[in-house]
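A.B. asks: With the sequence up front, the predicted model follows.
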Amino acid sequence: MTRLLTRLAVIFIAVGLFFTSQSLAAPQRAAAADPGYLMLHFTGEGTTGQQMYLSHSTDGLHWNDLNDGASILRSTIGTKGVRDPALVRSPDGSKYWIIATDLCWGCGSTVDGSINNGSRNLVVWESTDLVNWSQPWLLNVAGAIPDGRNAWAPEAIWNPDTNDYVLYWATNVPLNGKTKHRIFYARTSDFRTITTPQTYIDRPGSQELIDTQIIEMPAGVGNYRYVRASGDGQITLEGSNSILGTWTNLGNLSGIGLTGAQVEGPMWMKFRDGNEWTLYLDQYASRGGYMPVTTTDPSAAGTYKLPTSGNYNLGGTKKRHGSILNLTAPEESRVLARWPSTSAKRLQSFNFQDRYVRHANFDVRIDQNITGPDAQFRLRPGLAGSGTVSFESVNMPGYFLRHANNDFQLVRNDGSSQFAADATFRQVAGLADSTWSSFQSYNHPDRYIRHYAYYLKLDPITTVTGRSDATFRVTN
């Protein structure tokens, strides 16, 4: 059975050996006062797991799920699922991109269809601050590859030799009627247009290759400026002094018992305190999630060390193929402020206590006995002012309850001051019962959130009925 068939089979079959509290023998890490690390990842199959998640670590070994373990971005385009994301920062730190596989496994797609007639697109988001993201767009990277069947596991790295990014990914171009994924690349400056795709890594014969990630080395460590790790039946290491130049095989990790039949999704991270790196590897065959192996020289296969018990924890959600960013202090402050672990809440109507606020097709109303994510919101610090709240949807992260023309809809935050004001409210004692709550508009303080004919409105409150309609309980 080929590596790919093994990989596909274990998506649906749980195989013993699940590492739940693995750890790593490593030197004492840097003080938590130093900026930490941000991991972008997905968590599993289905429409919920195949979205964008963030985790934070102060030491690179112990991870906390941000946003209470919920997704921070949801794809609304293509297959409406995203996997294998890469987080890209521009050299000057003024822009960021997320690029991800456009694939929703188990959401109506078949194994054969995803491999042989899958999306040729990547899903891309852009940001200027790492917390406010654009609407996603599709970037067709495999459509120009003759007989290219899909586009999986994208990565990108800045290339100083060409002053743009090398964007690389896996595409199945069958060989002798059988599946063969290999790595292609194109150049881009904006992740909206690309040069004609070219073959980047192609192993001999029928050997497939889906996952690869490159890390740039500091001067004085090893003999190469760049090292890449690839899943190609082994976890193969290669070195080069030019991203688009010649690469030299440096060996693999079979010496410590790790092959491509056991692990995939190599994900590099450099520790801040000294010349030490970890290569996180996804234990896909055992469904064990990521584990770190460490080294003081990524180009030397014999220096890698397996984890032992005691020193690492991946947090509450399973981390699947993604990337890690070493944060600056301002980036860390913004990220932690934007996605604190705030539990999901519901808003219960005072005078129709079997009804709760929910969104449906982006409209907002109160419905009976709603418990699902359409009726769950996170009460965030108000977008427009201190001491206020804004309501962010749990299943549509980045979308908030917003009033317009005295009506309410669930709307994506566009970052404008007008949006912030329209989506911000003061939580005050309930107008009908002081043990409950009412929500006063930030920019129209004579008006409150209320329901009318079961739909949410923003109205002045002058009657007993109005006070009841404008009173809610924040509950689980």
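C.D. replies: Right, received. Where do you want to start? Numbers count the residues shown, from 1 in each chain.

A.B. asks: CA atoms for contacts and neighbours, from now on please.
C.D. replies: Will do.

A.B. asks: Quickly note the distance from the residue sitting nearest the centre point of the chain to Ser343.
C.D. replies: Residue closest to the average C-alpha location in the chain (Cα atoms, centre = their mean): Met52, at 2.7 Å. Met52 sits 18 Å away from Ser343 when distances are taken as Cα to Cα, to the nearest Å.

A.B. asks: In this structure the residue nearest to the centre of the chain contacts Asp65, no?
C.D. replies: No. At 11.9 Å, Met52 and Asp65 do not qualify as touching, with contact defined as Cα atoms under 8 Å.

A.B. asks: for the residue nearest to the centre of the chain, which residues make a bridge with it?
C.D. replies: Leu73 (DSSP bridges).

A.B. asks: And for the one 4 residues further on?
C.D. replies: In this structure, His56 bridges to Leu38, Asn64 when assessed by DSSP bridges.

A.B. asks: how deep is it tucked in, by neighbour count?
C.D. replies: 25 (other Cα atoms under 10 Å).

A.B. asks: show me the contacts for it.
C.D. replies: Residues near His56 by Cα atoms under 8 Å, 6 or more residues apart in numbering: 36-39, 63-66.

A.B. asks: same deal with Ala384?
C.D. replies: Ala384 touches 417, 420-421, 423-424, 442, counting by Cα under 8 Å, 6+ apart.

A.B. asks: how does the chain divide into domains?
C.D. replies: 3-338, 346-475 (automatic domain parsing).

A.B. asks: Can you lay out the ones you listed as TSV showing mean pLDDT?
C.D. replies: Formatted as TSV, the domains of the chain follow (pLDDT from 0 to 100):
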stretch	mean pLDDT
domain 3-338	90
domain 346-475	97
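
A.B. asks: who does Arg187 bridge with?
C.D. replies: On the basis of DSSP bridges, Arg187 takes part in beta bridges with Val166.

A.B. asks: I figured it hits Asn163, correct?
C.D. replies: No. When contacts are counted by Cα under 8 Å, Arg187 is not listed as touching Asn163 (9.7 Å).

A.B. asks: Show me whatever sits in contact with both of those two.
C.D. replies: Residues touching both Arg187 and Asn163 by Cα under 8 Å, 6+ apart: none at all.

A.B. asks: Looking at those two, which is more packed in?
C.D. replies: Shown here are Arg187 and Asn163; by other Cα under 10 Å, Arg187 has more neighbours (23 against 11).

A.B. asks: For Val141, see how far away the more buried one is.
C.D. replies: Taken as Cα to Cα, the span from Arg187 to Val141 is 11 Å.

A.B. asks: and for these two, which residues touch both?
C.D. replies: In contact with both Arg187 and Val141: Ile194, using Cα under 8 Å, 6+ apart.

A.B. asks: Excluding covalently adjacent residues, which one is nearest to Ser71?
C.D. replies: Nearest non-adjacent residue to Ser71, counting by Cα to Cα, 6 or more residues apart in numbering: Tyr53, 4.6 Å away.

A.B. asks: ok so, going back, now the contacts of His56 in a markdown table, please, with extra columns for distance to Arg192.
C.D. replies: Below are the contacts of His56 laid out as a markdown table (distance: Cα to Cα, whole Å):
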| residue | distance to Arg192 |
| --- | --- |
| Gly36 | 30 |
| Tyr37 | 28 |
| Leu38 | 25 |
| Met39 | 24 |
| Trp63 | 33 |
| Asn64 | 33 |
| Asp65 | 30 |
| Leu66 | 29 |
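
A.B. asks: Noted, bye for now.
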